[in-house]
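**Q** Could you work out the structure for the sequence below:
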Amino acid sequence: MLRTHTRSVAATLASALVSVLAAGCGASSTSTVTEPSPSGSAAQGCRAVMARLPGRVAGLSRTATGSFTASWGDPAVTMRCGVARPSGLTSTSRCDEVDGVGWYSQEFTEAWRFTTIGRSGFVEVTVPAVHSPAADALVDLAPAVSAMPVVTACR
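**A** Coordinates of the predicted model:
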């Protein structure tokens, strides 16, 4: 388990994660972000997360906010709160902790997707590869995402 507590350590994690991406890879802008429909404790936690979102993430200004979504910049760093559990997330999946929030990481051709682990609902953050280091977004979102209640510790 990797625990990080500052932007510089988080940046080191992100640099390692994105080093496998080809230099100059871009991500196309997302015109529509699918709005999740959380219920119960996930919806309650998402409302708390949304109320605490920062105006800037990874140096990018907020460009859109929905009921349970937000985006920053172009190409957009996107956050969706109340998404379904990722199909690849298992009890043995790696959990990287950034400023007290556990994340499951998925690599795609032009972006990284991070989904919270151990919270009452799942928060998903997608960071296009052009916004490196990707962990800057996680550091900036950690105070808001910390409003989602913890149900299990990052292991």
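**Q** Return the residues in contact with residue 62.
**A** Contact analysis of residue 62 by C-beta atoms under 8 Å, 6 or more residues apart in numbering lists 53, 54, 55, 56, 70, 71, 72. In short, each C-beta sits where N, CA and C put it, glycine included.
**Q** SS state for the nearest residue to residue 98 once chain neighbours are set aside?
**A** Leaving aside its chain neighbours, residue 98 sits nearest to residue 138 (4.3 Å; criterion: C-beta to C-beta, 6 or more residues apart in numbering). Three-state call for residue 138 (DSSP: H, G, I helix; E, B strand; the rest coil): helix.
**Q** pLDDT score for residue 138?
**A** Looking at residue 138, its pLDDT reads 97.
**Q** Tell me how many other residues surround it.
**A** Residues contacting residue 138 under the criterion other C-beta atoms under 10 Å number 29.
**Q** How about residue 100?
**A** As a measure of burial, residue 100 has 14 neighbours, counting by other C-beta under 10 Å.
**Q** Return the residues in contact with it.
**A** Residue 100 sits in contact with 142, 146, where contact means C-beta under 8 Å, 6+ apart.
**Q** let's go with 6 Å and repeat that
**A** Contacts for residue 100 (C-beta atoms under 6 Å, 6 or more residues apart in numbering) come out as residue 146.
**Q** Tell me the secondary structure at residue 43.
**A** helix.
**Q** Spatially, what comes nearest to it if we skip its sequence neighbours?
**A** Counting by C-beta to C-beta, 6+ apart, the residue nearest residue 43 is residue 82, at 6.3 Å.
**Q** Quickly find the element holding that neighbour.
**A** Taking DSSP states H and E as the definition, residue 82 sits inside strand 77-83.
**Q** and if you look at residue 144?
**A** helix 135-145.
**Q** Number of residues surrounding the residue nearest to residue 51 when sequence neighbours are not counted?
**A** Once flanking residues are discounted, residue 51 sits nearest to residue 147: 7.4 Å by C-beta to C-beta, 6+ apart. Using other C-beta under 10 Å, residue 147 has 18 other residues around it.
**Q** I am finished for the moment; much appreciated.
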